[in-house]
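>>> turn this into a model:
(one chain, ligands or ions: 2)
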Amino acid sequence: MSILVLGSGQLARMMALSAYPLGISVQAVDVADNKIVDPVTKQVINNTLERLIEEVDAITVEFEHIPEDLLEIVHRSGKLKPSVEAILTGADRVREKKLLEKLDIANCPFSIVTEVKQLEDAVESLGNSLIIKASRDGYDGYGQWRLHDLAELPKLKEQLSKLDLQKVPLVVEKMLKFDRELSLVAVRNAEGDIAYYPLAENLHYQGQLHVSVAPAPHVSNELTQQAQTIFNKLAESLDYVGVLAVEFFQIGQQLLVNEIAPRVHNSGHWTMHGADTCQFENHIRAVRGLPLGSTKVTSPTAMINIIGCKNFAREMLSIPGCHMHWYGKTPREKRKMGHFNLCADNYQQLGASMLALTEYVPVENFPMLKDEARRLMDI
Ligand code: ATP
Ligand code: MG
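Numbering: from 1, shown residues only. Ligands and ions are numbered 1, 2, ... in the order given. All right, here's what the predicted structure looks like:
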């Protein structure tokens, strides 16, 4: 059995590592140059994309920003999971907003801007505190601008006037004061069975995910129910197969959808050590038509992204329950280089392990860690 992944980064690599014990081999295509690679060793495989599309049993994606001509070819093979519609929806914030509206799912107040002068109307209707997002090709906070004060508007307009907004419109959102960010990662198979992981709490710094804690502390059954109902609506409407992540803002007891990701998700990496079956294996199972694995939590877990760091000493692995995944990428500022998963028996111990981790890693790359450790220790 074999699967082709569009995209050859760390998500393809972790899918391949989970597929291997199931007797499934994974090959990946670098969508920048259509080279076929082994997603673990990065060795180039001597095969053509056309032949591989014919040979493999299923095709999936590790991210949504796939060139549309490639997506079309793969879609025509009939092997693509999730569907082309799901991938296009995740790749385009305008499409995504339309789907949320159609399904009557609460989301962040927004307007769509296709000409710079419409920004005035957006300020009029949404207020002076805005977050402006390119509708395509953004990730980790890239392709976003923030307006905090009306005085900054002329400069921002000048900046945005350099973009082709007819081709790539902007989604302008009200900057929300939410209580926290949560995400639901769940998996659906072709029969419509769904297995949910618990909500994870996500801490962002400068628009980028730094820490996820799962299960998120202080989650009521009603909140979980709300998240699962939203997931069901989205997944059923897209006839979704595979892992789908939904990012939320929590305000009081209400969840607003921030965005969806039609793939395995960074806020689901904790499942590699904190759940019975990890998100990568469950995604592979779903796209290959195998029964879904149990999503039972085996221990409270914190996932900590290693961002922008060069290689460093690995003595932190002496902390009980500390696991490290190093992606082997060339270091760059703000680039995700790897992640830690810390597992413990309870939140207090998890906090203590996190505090121990701060002794080994540079504070400038892990700015949220100490406060989060203390917060967990106080639960
Ligand atoms: P990622 O790839 O990490 O998911 P992204 O680039 O796709 O990020 P978003 O998820 O839309 O972009 O935004 C990144 C972060 O910016 C959010 O997780 C949140 O912390 C903050 N943010 C986004 N939209 C809003 C908003 N309307 N109000 C307040 N904060 C926001
Ligand atoms: Mg996001």
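
>>> how about the residues of the stretch 201-350 of the chain near ligand 1?
204, 207-209, 247, 258-259 (Cβ under 6 Å from any ligand atom). The C-beta positions use only the backbone N, C-alpha and C, and glycine is treated the same way.

>>> give the burial count for the residue lying closest to residue 134 once chain neighbours are set aside, as a bare number.
In this structure, residue 134 finds its nearest non-sequential neighbour in residue 143, 3.7 Å apart by Cβ to Cβ, 6 or more residues apart in numbering. Residue 143 has 18 neighbours, counted by other Cβ atoms under 10 Å.

>>> ok, the one 5 residues further on next?
Summarising burial for residue 148: neighbours were counted as other Cβ under 10 Å, giving 11.

>>> thought it was touching residue 128?
Yes: taking contacts as Cβ atoms under 8 Å, residue 148 lies within contact range of residue 128: 7.4 Å.

>>> re earlier: which residues touch the residue nearest to residue 134?
133-134, 136-137 (Cβ atoms under 8 Å, 6 or more residues apart in numbering).

>>> pLDDT score assigned to it?
Per-residue confidence for residue 143 comes out at a pLDDT of 92.

>>> check the one 5 residues further on too.
According to the prediction, residue 148 has pLDDT 95.

>>> spatially nearest residue to it (excluding sequence neighbours)?
Leaving aside its sequence neighbours, residue 148 sits nearest to residue 129 (Cβ to Cβ, 6+ apart; 5.9 Å).

>>> hmm, back to that, out of the residues of the stretch 201-350 of the chain next to ligand 1, which are buried?
With neighbours counted by 16 or more other Cβ atoms under 10 Å, those contain buried members at 207-209, 247, 258-259.

>>> nearest to residue 96 among those residues?
Closest approach to residue 96 among those (Cβ to Cβ): residue 259, at 6.3 Å.

>>> what about residue 96, which SS state?
helix (DSSP: H, G, I helix; E, B strand; the rest coil).

>>> tell me which element the nearest residue to it once chain neighbours are set aside falls in.
Of all residues not flanking residue 96 in the chain, residue 89 sits nearest, at 5.4 Å (Cβ to Cβ, 6+ apart). Using DSSP states H and E, residue 89 maps to helix 84-91.

>>> tell me which other helices or strands that helix touches.
Under the contact criterion of 3 or more Cβ pairs under 8 Å, 6 or more residues apart in numbering; DSSP states H and E, helix 84-91 touches helix 68-76, helix 93-102, strand 254-261.

>>> deepest-packed of these, please.
Stretch with highest mean neighbour count among the helices and strands packed on helix 84-91: strand 254-261 (a mean of 20; mean count of other Cβ atoms under 10 Å).

>>> roughly how far out does that strand sit from the chain middle?
Here strand 254-261 is found 12 Å from its chain centre; the criterion is Cα atoms, centre = their mean, to the nearest Å.

>>> helices or strands up against the longest helix that the chain contains?
Taking DSSP state H as the criterion, the chain has its longest helix at helix 221-237. The helices and strands touching helix 221-237, judged by 3+ Cβ pairs under 8 Å, 6+ apart, are helix 93-102, strand 180-188, strand 194-196, strand 242-251, strand 254-261.

>>> if we use 7 Å, what do you get?
On a contact count with 3 or more Cβ pairs under 7 Å, 6 or more residues apart in numbering; DSSP states H and E, helix 221-237 meets strand 180-188, strand 194-196, strand 242-251, strand 254-261.

>>> can you tell me, leaving aside adjacent residues, what's nearest to residue 233?
Leaving out its chain neighbours, the residue that sits closest to residue 233 by Cβ to Cβ, 6+ apart is residue 103, at 4.8 Å.

>>> for the one you found, the count of nearby residues, please.
With other Cβ under 10 Å as criterion, residue 103 counts 14.

>>> sorry, back to before: ok, the residue nearest to residue 148 touching residue 146?
No: counting by Cβ atoms under 7 Å, residue 129 stays clear of residue 146, with 8.3 Å between them.

>>> contacting residues around the residue most central in space within the chain?
The chain has residue 265 as the residue nearest its centroid, 3.4 Å off, counting by Cα atoms, centre = their mean. Residues near residue 265 by Cβ atoms under 7 Å, 6 or more residues apart in numbering: 183, 185, 245.

>>> try 8 Å
183, 185, 243, 245, 279.

>>> now, which of these sits nearest residue 3?
Ranked by distance to residue 3 (Cβ to Cβ), the contacts of residue 265 are led by residue 243 at 13.5 Å.

>>> find the nearest non-adjacent residue to the closest one, please.
Of all residues not flanking residue 243 in the chain, residue 283 sits nearest, at 4.2 Å (Cβ to Cβ, 6+ apart).

>>> now do the residue nearest to residue 148 against ligand 1, distance only.
9 Å (Cβ to the nearest ligand atom, to the nearest Å).

>>> burial count for that residue?
Residue 129 - counted by other Cβ under 10 Å - has 15 other residues nearby.

>>> quick one on the thing from earlier: need the helices and strands packed on helix 84-91 in JSON lines (columns: mean pLDDT).
As requested, those are exported to JSON lines (pLDDT from 0 to 100):
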{"stretch": "helix 68-76", "mean pLDDT": "96"}
{"stretch": "helix 93-102", "mean pLDDT": "98"}
{"stretch": "strand 254-261", "mean pLDDT": "98"}
